[in-house]
Every structure is written in C-alpha cells, then in structure tokens.
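Peer 1: pasting the structure only:
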C-alpha cells in the first residue's frame with residue numbers, strides 16, 4: 001500500500017525542483033515516487049518528458065571542482081610564467097621542456113635561452129633534480145600541481 005503522505009511530499013518536491021530548473025533532482029525525486037508506485041502512468045509520463053529535455057551526458061556524475069574559482073578577468077598563465085612556476089616548484093624537467101617549446105616557437109627569445117642554459121647546468125650538476133617533485137597529499141595542492149604539469153606540456 002502506498003503511503004499517500006510520502007507520495008504527495010515527493011511529488012511536491014519533484015515539482016518544485018522542476019520549476020527551479022533542477023532537472024536532475026526532479027528526475028531523482030520522480031524515480032523515488034515511481035518506486036512507491038511502480039505502475040503509475042502519470043509518473044512514468046512525467047519522467048519521460050523530463051528525460052526528453054536532458055542530454056544523457058548531463059545525467060552522468062561529474063567530479064566536483066574544489067579549487068577556488070578564478071576571476072573571469074584572470075588570464076591563463078603565459079608560456080614563460082608556466083616555465084617559471086615549474087622551475088620555482090623544482091620541476092626542472094617540466095621547466096626545461098617548457099623553455100624548449102618557447103625557443104622552438106621564438107628562437108630569438110633571450111630570457112628563455114638563458115633560463116634553458118641555466119637549468120641544463122643545474123641538471124648536469126644534480127641529475128636527480130630533473131625528476132619532477134612528488135605530488136602534494138592535500139586535494140587543493142594536488143589539483144594545482146596537476147594543472148601546472150598539464151600546462152607545462154602545452155605548446156607555447
């Protein structure tokens with residue numbers, strides 16, 4: 001037997017979610033209603049009409065981005081800034097690759113040439129320094145470190 005109070009409550013919540021444009025939440029609630037009343041044609045029709053409005057990719061779970069939002073006016077780092085960030089973090093191998101890409105794109109770039117020579121000397125003196133640093137344990141630091149590594153492998 002269907003609990004009418006629970007059924008009415010879920011239907012009202014689903015309708016509110018739908019009015020707010022929260023289609024995923026509305027679908028979730030309507031599926032709960034359907035679990036209470038599996039043979040309900042109106043509920044099945046409502047679910048079908050909402051699913052017609054939603055792309056399958058929208059229903060897939062997305063990872064939550066915990067990084068602080070960047071201001072809209074903030075530009076991504078330049079190739080030089082990325083190379084410097086890598087160097088400052090001790091990722092000499094990534095910095096070397098970034099400076100090499102800068103020089104391939106702009107052979108006359110003196111700063112890149114100087115930094116490349118400086119890093120090659122550092123790596124020759126301490127070969128272990130060419131290894132990228134270990135990734136941080138905390139999620140925010142890990143995310144930032146991975147973004148920097150990805151940016152270092154982009155073409156300048």
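Peer 2: Perfect, I can see it now. As the structure is a computational prediction, the values presented were derived from the model and not from experiment.

Peer 1: quick one: the helices in this structure?
Peer 2: Per DSSP state H, the chain carries helices over the ranges 4-19, 23-36, 41-53, 56-59, 79-88, 92-105, 110-125, 139-152.

Peer 1: I'd like the average pLDDT over the fourth one.
Peer 2: Helix 56-59 shows a mean pLDDT of 62 in the predicted model.

Peer 1: ok, the fifth one next?
Peer 2: Average pLDDT, helix 79-88: 82.

Peer 1: and it, what does it pack against?
Peer 2: Other elements packing on helix 79-88 under the criterion 3 or more C-beta pairs under 8 Å, 6 or more residues apart in numbering; DSSP states H and E are helix 92-105, helix 110-125, helix 139-152. For glycine as for every other residue, the C-beta is placed from the backbone atoms N, C-alpha and C.

Peer 1: can you list the domains in this structure?
Peer 2: By the assignment in automatic domain parsing, the chain contains the domains 4-59, 79-152.

Peer 1: count of residues packed around residue 35?
Peer 2: Neighbour count for residue 35, taken as other C-beta atoms under 10 Å: 10.

Peer 1: gap between residue 51 and residue 15?
Peer 2: Residue 51 sits 16 Å away from residue 15, taking C-beta to C-beta, to the nearest Å as the criterion.

Peer 1: and residue 122, by the same measure?
Peer 2: Looking at residue 122 against residue 15, where the rule is C-beta to C-beta, the gap reads 65 Å.

Peer 1: do the same with residue 85
Peer 2: With distances taken as C-beta to C-beta, residue 85 is found 50 Å from residue 15.

Peer 1: and residue 33, by the same measure?
Peer 2: Spatial separation of residue 33 from residue 15 under the definition C-beta to C-beta is 11 Å.

Peer 1: go on, residue 103?
Peer 2: Separation of residue 103 from residue 15 (C-beta to C-beta) stands at 61 Å.

Peer 1: likewise for residue 52?
Peer 2: As judged by C-beta to C-beta, residue 52 and residue 15 stand 17 Å apart.
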